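Asks: All I have is the shape, not the residue letters:
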């Protein structure tokens, strides 16, 4: 699977985990040079607290376009540190 934004692959892996229709990419498959952690957070009742990242490619920024669960609840422990995408990031 590939996560692409603004014409650039920002994550690529054949070991994504699909939960609720979202592909979660392993941390070592993410091209972290394009990512910047933000102050935005959200809470999922069964996964826990999510953190968010801006993605910047070729000078264009996509705010809070990726999220991760650094310390998920027990029910979601398999996606600890994995990264998922939305806001126009194409998953193919």
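Replies: Great, that's in hand. Treat the numbers as computed from the prediction; the structure is a model and nothing was measured.

Asks: Please read off the pLDDT at residue 3 from the model.
Replies: Residue 3 is assigned a predicted lDDT (pLDDT) of 98.

Asks: beta partners of residue 42?
Replies: residue 50 (DSSP bridges).

Asks: That one contacts residue 50, doesn't it?
Replies: Yes - applying CB atoms under 8 Å, one finds residue 42 in contact with residue 50, separated by 4.8 Å. C-beta coordinates here come from the backbone N, C-alpha and C atoms, glycine included.

Asks: Looking at those two, which is more packed in?
Replies: The residue with more neighbours, out of residue 42 and residue 50, is residue 50; 16 against 12, by other CB atoms under 10 Å.

Asks: coming back round to it: which residues are in contact with each of residue 42 and residue 50?
Replies: Listed contacts common to residue 42 and residue 50 are residue 67; contacts here mean CB atoms under 8 Å, 6 or more residues apart in numbering.

Asks: Tell me, how many residues neighbour residue 41?
Replies: For residue 41, using other CB under 10 Å, the count is 11.

Asks: How confident was the prediction at it?
Replies: 98.

Asks: And residue 59, by the same measure?
Replies: 96.

Asks: ok, now how distant is it from residue 8?
Replies: 12 Å (CB to CB, to the nearest Å).
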